[in-house]
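Asker: Need the 3D shape of this:
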Amino acid sequence: MTAAATTAPPPAELSPRVGLAEGLRQTMTLAWRTIVQVRHNPWELGDFSIQPIMFVLLFTYVFGGAIAGSTGEYLTFALPGIIVMNMLFITMYVGTGLNIDLTKGVFDRLRSLPVARWAPMAGRILADQVKQAWSIFLLLAVGMILGFRIGTDVASLLAAVGLMLVFALAFSWVSVLVGVLAKDPEKVQLFGFTALFPVTFVSNVFAPTDTMPGWLQKFVEVNPVTILADASRALMLGDETTGTQWHVASATTPALQSLLWAAVIAAVFAPLSVWALRRRV
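Answerer: So this is what the prediction gives:
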């Protein structure tokens, strides 16, 4: 006598397909989770608040007189570039946070829930944009206390902020790739120091390009950090040839070049990041 064989139904998927609207809602929730973590790790707030302020104070009052002749003139020149430099370093928190989630198993737990697969990564990047905006406006406020003045108008200032946020959004994919490939969070931070410091310092963030050796100027002129700093200066300060009156042509070329760099960086590193994440998880 043979018993009738029964086939057990296949187990339900742990992470069913999630619609776009629901995925966006989950992204906002995970972004908020990342933001509120600052309450439990206040040193992170200090990293993207106190450290850039120290950069502004030290470079303005230690090197400002030697480079520009006066601290006021140097602050006007350097502050937009320092904001750009700080923006790049803050993107490293995306990779660090993602790496922590991967190494501690948080990412695996999220995948076992009915959550869109792209939501944890998108939430990290979205939270980074909030931190970026906070840091930009904080440095602008500190700069104005020290004597920095906007030479254009509010619309131009917001355009500069928007341009930097777009570039930060694209460059975050570099941090995501590093965060996925690195074995621990310390490796992500090491990348920030070893790779970003040369790129940001070999630019016109702290010194005009024409004061550098000719062979170095060639690299500085095509450095995306220099191009973004030039666009930010033009949008915040105006055209040097026309005084404080804003001239749109002075910002158009570097702004378009910055957007092109952002598109190239995102086109290269976003697919690589997704591929690396799929291989790791």
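
Asker: Is it correct that Gly65 is in contact with Leu75?
Answerer: No - contact criterion Cβ atoms under 8 Å: Gly65 and Leu75 do not qualify, at 11.1 Å. (Each C-beta comes from the backbone N, C-alpha and C, glycine too.)

Asker: between those two, which one's more packed in?
Answerer: Neighbours per residue (other Cβ atoms under 10 Å) separate Gly65 from Leu75, with Leu75 holding more: 22 against 14.

Asker: can you pull the contacts of the more buried one?
Answerer: Listed by Cβ atoms under 8 Å, 6 or more residues apart in numbering, the contact partners of Leu75 are 56, 60, 64, 143, 146-148.

Asker: Check pLDDT for those residues and point me to the minimum.
Answerer: Least confident entry in those, by pLDDT: Gly64, with 87.

Asker: Can you report how many residues neighbour it?
Answerer: Gly64: 21 surrounding residues under other Cβ under 10 Å.

Asker: ok, it - contacts?
Answerer: So Gly64 contacts 70-71, 73-75, 78 (Cβ under 8 Å, 6+ apart).

Asker: okay if I get the residues you listed as JSON lines plus distance to Trp261 and secondary structure?
Answerer: JSON lines is the format used below for these (distance: Cβ to Cβ, whole Å; DSSP: H, G, I helix; E, B strand; the rest coil):
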{"residue": "Ser70", "distance to Trp261": "32", "secondary structure": "coil"}
{"residue": "Thr71", "distance to Trp261": "31", "secondary structure": "helix"}
{"residue": "Glu73", "distance to Trp261": "28", "secondary structure": "helix"}
{"residue": "Tyr74", "distance to Trp261": "26", "secondary structure": "helix"}
{"residue": "Leu75", "distance to Trp261": "26", "secondary structure": "helix"}
{"residue": "Ala78", "distance to Trp261": "21", "secondary structure": "helix"}
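
Asker: pull the helix or strand with minimum mean pLDDT from the protein.
Answerer: Lowest by mean pLDDT, DSSP states H and E among the helices and strands of the chain is helix 42-47, with a mean of 71.

Asker: What are the buried residues along the longest helix anywhere in the chain?
Answerer: Scanning the chain for the helix with the most residues, using DSSP state H, yields helix 249-280. Residues of helix 249-280 classed as buried: 250-251, 254-255, 257-259, 261-262, 265-266, 269-270, 273-274, 276-277 (neighbour count, 16 or more other Cβ atoms under 10 Å).

Asker: same check, this time on stretch 147-167
Answerer: Across stretch 147-167, burial judged by 16+ other Cβ under 10 Å covers 148, 150-152, 156-157, 159-161, 163-167.

Asker: which other residues reach it?
Answerer: The contact list for stretch 147-167, computed with Cβ under 8 Å, 6+ apart, reads 72, 75-76, 79-80, 83-84, 87, 129, 132-133, 136-137, 140, 224, 228, 231-232, 235-238, 244, 246, 251, 255, 258-259, 261-262.

Asker: How about stretch 223-231?
Answerer: 80-81, 84-85, 88, 160, 163-164, 167, 199-200, 202-205, 209, 220, 251, 254-255, 257-258, 261, 265.

Asker: ok, now with 6 Å
Answerer: With Cβ atoms under 6 Å, 6 or more residues apart in numbering as the test, stretch 223-231 has contacts from 80-81, 84, 167, 199-200, 203-205, 220, 251, 254-255, 257-258, 261.

Asker: tell me the mean pLDDT for that stretch?
Answerer: In this model, stretch 223-231 has a mean pLDDT of 94.

Asker: quick one: that stretch to chain centroid distance?
Answerer: Distance, stretch centre to chain centre, for stretch 223-231: 14 Å (Cα atoms, centre = their mean, to the nearest Å).

Asker: Could you do stretch 232-241 as well?
Answerer: Mean C-alpha position of stretch 232-241 versus that of the full chain (Cα atoms, centre = their mean) differs by 22 Å.

Asker: ok, now stretch 112-130?
Answerer: Stretch 112-130 sits 16 Å away from the centroid of its parent chain (Cα atoms, centre = their mean).

Asker: neighbouring contacts of that stretch?
Answerer: Defining contact as Cβ under 6 Å, 6+ apart, one finds that stretch 112-130 is touched by 14, 16, 18, 23, 26-27, 30-31, 34-35, 94, 97-98, 110, 165, 172.
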